[in-house]
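Asker: could you work out the structure for the sequence below:
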Amino acid sequence: MNDKYIFTNEKDLYATIGDNIKYYRKLYSLNKNELTQEKLAEKAGVSTSLIGNLESKKTYQGISVYSLYKIGKILEVPLEKFFIKR
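Answerer: Next up is the predicted model:
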C-alpha cells in the first residue's frame with residue numbers, strides 16, 4: 001500500500017489536509033488571483049477560523065467531506081489530492 005495515504009492518527013489526517021489546503025490555496029494565488037483564507041472561506045461557505053485552524057495546525061479541527069469538496073472545486077483540485085502526504 002502507498003504510504004502517502006497512511007495516517008497514524010486523526011491529528012495526522014487533519015494536518016495533511018491542512019497542509020494541502022494551504023499548498024493549493026497558495027498555488028492558486030500564484031497562477032490565478034490572490035486567494036486569502038478569508039476569501040476561500042467565503043466562497044466555500046465555511047468559517048475563516050476553519051481554514052485558519054486547518055492550515056496552521058494550532059488546533060486540530062475536523063472538516064466535512066462536502067466542505068472539503070467545495071474547497072477543492074474552488075481551488076480546482078480533486079478531492080483525493082487533499083489526502084496525499086507531502
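
Asker: make it CA atoms for all contacts and neighbour counts henceforth
Answerer: Will do.

Asker: so what's Asp19 closest to, chain neighbours aside?
Answerer: Leaving out its chain neighbours, the residue that sits closest to Asp19 by CA to CA, 6 or more residues apart in numbering is Glu55, at 5.8 Å.

Asker: would you confirm that the one you found contacts Lys22?
Answerer: Yes. Applying CA atoms under 8 Å, one finds Glu55 in contact with Lys22, separated by 5.6 Å.

Asker: pLDDT at the one residue sitting closest to the centre of the chain, what is it?
Answerer: Computing the C-alpha centroid of the chain and ranking residues by CA atoms, centre = their mean puts Ile21 first, at 2.6 Å. At Ile21, the pLDDT value in this model is 97.

Asker: over to the one 4 residues further on?
Answerer: The pLDDT attached to Arg25 in the predicted structure is 98.

Asker: give me the distance from the helix or strand in which it is found to the chain's centre.
Answerer: Using DSSP states H and E, Arg25 sits within helix 10-31. Here helix 10-31 is found 4 Å from its chain centre; the criterion is CA atoms, centre = their mean, to the nearest Å.

Asker: what's the answer for stretch 3-21, then?
Answerer: 10 Å.
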